[in-house]
Structure formats: C-alpha cells, structure tokens
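**Student:** need a 3D model of the sequence below.
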Amino acid sequence: MILVSACLLGHKVKYNGDTNTHDLLLKYNDRGRFLAVCPECFARMPVPRPPMEIQGGNGRKVLSGRASVTDLNGMDTTQYLLTGADKILKIAMAYHARVAILKEGSPSCGVRQIHSGHFDGKKIKGQGVAAALLIKHGLTVYSEQDMTIGRLEELIAEDIRRDRSH
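**Tutor:** Okay, here's the model as predicted:
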C-alpha cells in the first residue's frame, strides 16, 4: 500500500474542513493501492480546527523534544501531532507500506516545506512531524508536488511487485 494524505484524495479533513484534492492522485486512487491517512484526524483532532504551526524548528526537532507545535490560539498541540505521526507509522508497518505521498506545507505532512511558525503565510525548509517520523523509519516520502503520471505508474507498479513477492 501507498499512504496518501487523505485531504489529497478529497476527504474533508483539512484544518478548515475543506480538502486539498489532487486530481491526478484522485484519478489513480481507483487502482486500489492508496491508503488515505490523516495524522490530525487519527489523533482525534476536530475538523475544522485552528491552523497549527511548528515553533522553533521542524518535525525532526519536534520528534526529539526540541520544538513544539501550537495552534493559532496559542494552544500547545505538540502531543496531538506526535500521536498522529505514531499512528501513521503503525499503519505503515501493519500494511508494509514503503512509500507515502503527503501534503506539502502541513505541520504533520510537509515533505520539504512547513509554515514559518509565525502564522504569517511564509514557508521555511523542513518536514512536518509525520513526514519526519516516516522518513526516520525508512519510508520514501513524496510531496503531492512530486507526482506525475510516470512517477505514479512507477510507484504503483513497484507496490504491486512488492506485494507479489511476499
């Protein structure tokens, strides 16, 4: 299975109750190789919810206890993101997933960029908490921005080959 951020597959789990539907991923979803995941929902956070940003670093620093996550109202949401990331990792292990396609910019799922931590709309280099944890445990993590027809065909074919070899 290939883990995919649920918001990219049209699930209304984005912080504001909307989606981040990615048409190409949605088109390939009917191949039956994607497993929709949302760290915030798996941590039992409500939808909608205030936006959150990592303070003082990135997902790797949150994992090591050197950064935190707060929402726009100042509530510390670090434990929620850690819980959600852990649940995503457990799902990946249970399904023998080796690949994830995650939502760029998210404090959980950002692959190369996250918001600055100042709620100013600016982005900085860094990974979200779930992305960092999956990478730490050997998964290959892509952003939706990396997806092309060729790349998806390749990822799905590899996933099918891996299933057949088990």
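**Student:** quick check: buried residues in stretch 36-56?
**Tutor:** By 16 or more other CB atoms under 10 Å, the buried positions in stretch 36-56 come out as 36-43, 45, 47, 49-50, 52-55. Glycine gets a C-beta too; all of them are placed from N, C-alpha and C.
**Student:** in the residues you listed, find the pair that's most separated.
**Tutor:** For these, the maximum inter-member distance is 28.2 Å, found between Ala36 and Gln55 (CB to CB).
**Student:** any idea which helix or strand carries Leu152?
**Tutor:** Leu152 belongs to helix 149-165 when assigned by DSSP states H and E.
**Student:** for that helix, give me every contacting residue.
**Tutor:** For helix 149-165, the external contacting residues (CB atoms under 8 Å, 6 or more residues apart in numbering) are Met1, Ile2, Leu24, Leu25, Tyr28, Arg31, Arg33, His96, Arg98, Val99, Ile101, Tyr142.
**Student:** most neighbours among those residues, which one?
**Tutor:** When neighbours are counted by other CB atoms under 10 Å, Ile101 leads the contacts of helix 149-165 with 27 neighbours.
**Student:** elements contacting the helix or strand harbouring that residue?
**Tutor:** Secondary-structure assignment from DSSP H and E places Ile101 in strand 99-102. When contacts are defined as 3 or more CB pairs under 8 Å, 6 or more residues apart in numbering; DSSP states H and E, strand 99-102 packs onto strand 2-5, helix 129-136, strand 140-143, helix 149-165.
**Student:** can you do 7 Å?
**Tutor:** Judged by 3 or more CB pairs under 7 Å, 6 or more residues apart in numbering; DSSP states H and E, the packing partners of strand 99-102 are strand 2-5, strand 140-143.
**Student:** for the residue positioned nearest the centre of the chain, which non-adjacent residue is closest in space?
**Tutor:** Most central in the chain under CA atoms, centre = their mean is Cys109, positioned 2.8 Å from the mean C-alpha point. The spatially closest residue to Cys109, leaving aside those adjacent along the chain, is Leu102, at 3.7 Å (CB to CB, 6 or more residues apart in numbering).
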